[in-house]
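>>> Fold the following and give me the result.
(one chain, ligands or ions: 1)
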Amino acid sequence: MFYELFLRSFADGNGDGIGDFKGATEKLDYLSELGITGIWLLPIMKSPSYHGYTVSDFYSVNPAYGTLEDAKVFLERAHAKGMKVILDMPLNHTTITHPWFLKALSGDNRHRSKYLWLEKPEWLKARRPWDNQKVWSKLNGEYYYALFGPGSPDLNYENPELREEAKRILSFWLSLGFDGFRFDAAKHIFDFSKETGKCEYQHERNIAFWKDLTEHCRKINPDAVFVSEVWDDPDIVDLYSTVFGIGFNFPLAYAIKENILVLNPGKLAEALYHVMNRYFGDEILYASGTFLTNHDMTRLLSYMKGDESKALLAFSVLTTLPGIPFIYYGEELGMKGEYNEFANEAQLEPFPWFELGSGPWQTEWKAFASNPPFSGLSYEVQGLTIHSYFSRVKNILHFRKKNSWIGNCKILEIKVKNNVLFLAVEVKGETTLFVHNFNPKAVILEKQGHATLINGELSEFENSISLERMSSAMIK
Ligand code: ACG
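Numbers count the residues shown, from 1 in each chain. You can find the predicted model right below:
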């Protein structure tokens, strides 16, 4: 189970209210107690933005998060606890204040060729494929290509020197001992066509680029872990993921959330055949990075309109599916946060260690808007309450950790009978059945083996089991 960790919000080690490596290092015990075996750090490099996706120095740690030494200590301690650490690597663009861009603006041709500049006025008509935003920005009378907004000019990887620089950046972090990368915006490396003057994903060129970079990395660390962010339909996700080894399964996240929100197990079953298709065959080309939410999305409990049993059912379904599961920080507490495309820090709020919203390690870089103090949400309260939402999520994560074989299982069959989802899986010839009860009341199931509770309530009888409402169990 990987944990998507936003340093700024997680734990503050030096009392300045901003989360940092020192604080996160102190909280590694919390993560291993949760059952976490891997950490995905949101961008840690020097950046003027709170989210860190617009980098100003690819070879440094954001001073707000500490020093390179602090990062190495965090890494060593995480490794000592059996956790891998992968870094979020936004190579598609830089911040507008990156020295490369400033030199380019001042007319330095060597650096100009690291970015894309307007060559034909009709290119200005190009728009972002998913929301029609403009993609050309103007500064000092010049237009430059910036898909993610004026503050993040795209890098031009037609430039061979830049590709070599990208390899140097990855070598730098791998040589420090980091275990791999989450490659940001992987389908955007070549996503503007000079021929048509439009935004067009050039998937083949992108894949060749990533093949080159990941092969370079594997020479340094053959066991390096790569996961690609390709937020698209299953066939596109498939295209890229075999290069990286793990591909985030965005369609699965939607399938689980949308169908549990409306309690439609039949539609979920149908969707799973489609979005988990590679797990029905004998040869698994790559691992699905399975998840429910990330930092770009509305948080789970907000999505489920506060319905904890639906959120817990979503976690249960996720942990009974093959692939490599990722959990976004704070989801284990049921933090709230509605995604807003212009101010997306609502789902990046400080992790609430304390009920009153402040205390040792507590980050306070932004006010708690969606997760107010004294709401019973904090780890201080939930960590000590047996049946708290946190305790229930922790049990589900522990179930998966104990049954990590699920990650490599093959899906045999998915079926629904009176609103109960049956998921039959197989590994090394042994079949296991997972049952998820979508009903508002208990169901009596024929006992086909030993039943283990995943979440909710379960009673075992001679030849049957009673699975309470919105509960999940494993039978083998
Ligand atoms: C990454 C990071 C994100 C970061 C950047 C820029 C990129 O996670 O935090 O922004 O470094 C697109 C890109 C992603 C990008 C998101 C934010 N995420 O592809 O790489 O935008 C559609 C499109 C997707 C698009 C998505 C956005 O297809 O390409 O993602 O919309 O909502 C169905 C469809 C699926 C569709 C979805 C949603 O699932 O199948 O295709 O996705 O519906 O409609 C960071 C900050 C930003 C800042 C930026 C500079 O977070 O605030 O502006 O840096």
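
>>> gap between the two ends of stretch 142-154?
Stretch 142-154 has an end-to-end distance of 14 Å (criterion: CA to CA, to the nearest Å).

>>> what's next to that stretch, contact-wise?
Contacts to stretch 142-154, defined as CB atoms under 8 Å, 6 or more residues apart in numbering, come from residues 49, 53-54, 92-96, 101, 105, 115-118, 123-124, 128, 133, 135-137, 139, 185, 188, 191-192, 199. Glycine gets a C-beta too; all of them are placed from N, C-alpha and C.

>>> wait, does that stretch contact the ligand?
Yes: under the criterion of CB under 6 Å from any ligand atom, the ligand is reached by stretch 142-154 at Phe148, Gly149, Ser152.

>>> Of those residues, grab the buried ones for ChimeraX.
Entered in ChimeraX, the line below selects the buried ones among those, by 16 or more other CB atoms under 10 Å:
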select :148,152
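
>>> What is the nearest of the residues of stretch 142-154 next to the ligand to Gly281?
Taking CB to CB as the measure, Phe148 is the one of the residues of stretch 142-154 next to the ligand closest to Gly281, at 36.1 Å.

>>> Assign the closest one to helix, strand or coil.
Of the three states, Phe148 takes coil under DSSP: H, G, I helix; E, B strand; the rest coil.

>>> With Gly15 instead?
Three-state assignment for Gly15 (three-state DSSP): coil.

>>> Near it, how many other residues are there?
A total of 10 residues lie near Gly15 under the criterion other CB atoms under 10 Å.

>>> So which residues of the stretch 351-476 of the chain form strands?
Ranges of strands in the stretch 351-476 of the chain, per DSSP state E, counting those that start in this stretch, are 410-417, 420-427, 430-437, 443-446, 451-455, 458-460, 464-467, 472-475.

>>> Output the set of residues of the stretch 201-350 of the chain in proximity to the ligand.
Counting by CB under 6 Å from any ligand atom, the stretch 201-350 of the chain sits next to the ligand at Glu229, Trp231, Asp232, Asp233, Phe250, Tyr254, His295, Asp296, Asn344.

>>> Now do the residue of the stretch 351-476 of the chain found nearest the ligand against Glu468, distance only.
Residue nearest to the ligand within the stretch 351-476 of the chain: Lys366 (14.2 Å; CB to the nearest ligand atom). Per CB to CB, to the nearest Å, Lys366 is found 39 Å from Glu468.

>>> Ser193 too?
55 Å.

>>> Neighbour count for the two, which is higher?
Glu468 (17 against 14).

>>> residues in contact with the residue nearest to that one when sequence neighbours are not counted?
Of all residues not flanking Glu468 in the chain, Glu457 sits nearest, at 3.6 Å (CB to CB, 6 or more residues apart in numbering). Residues in contact with Glu457 (CB under 8 Å, 6+ apart) are Ala442, Leu467, Glu468, Ser471.

>>> switch the cut-off to 10 Å
Asn437, Ala442, Ser466, Leu467, Glu468, Arg469, Met470, Ser471, Ala473 (CB atoms under 10 Å, 6 or more residues apart in numbering).

>>> Most neighbours of all these, which one?
Among the contacts of Glu457, the one with the most neighbours (other CB under 10 Å) is Asn437, at 27 neighbours.

>>> quick one: contacts for that residue?
Neighbouring residues of Asn437 by CB under 10 Å, 6+ apart: 265, 313, 316, 418-421, 443, 445, 456-458, 466-473.

>>> beta partners of Asp57?
Lys46 (DSSP bridges).

>>> Now do the residue nearest to Glu468 against Val135, distance only.
The gap separating Glu457 from Val135 is 52 Å, by CB to CB.

>>> Repeat that for Ile246.
As judged by CB to CB, Ile246 and Val135 stand 29 Å apart.
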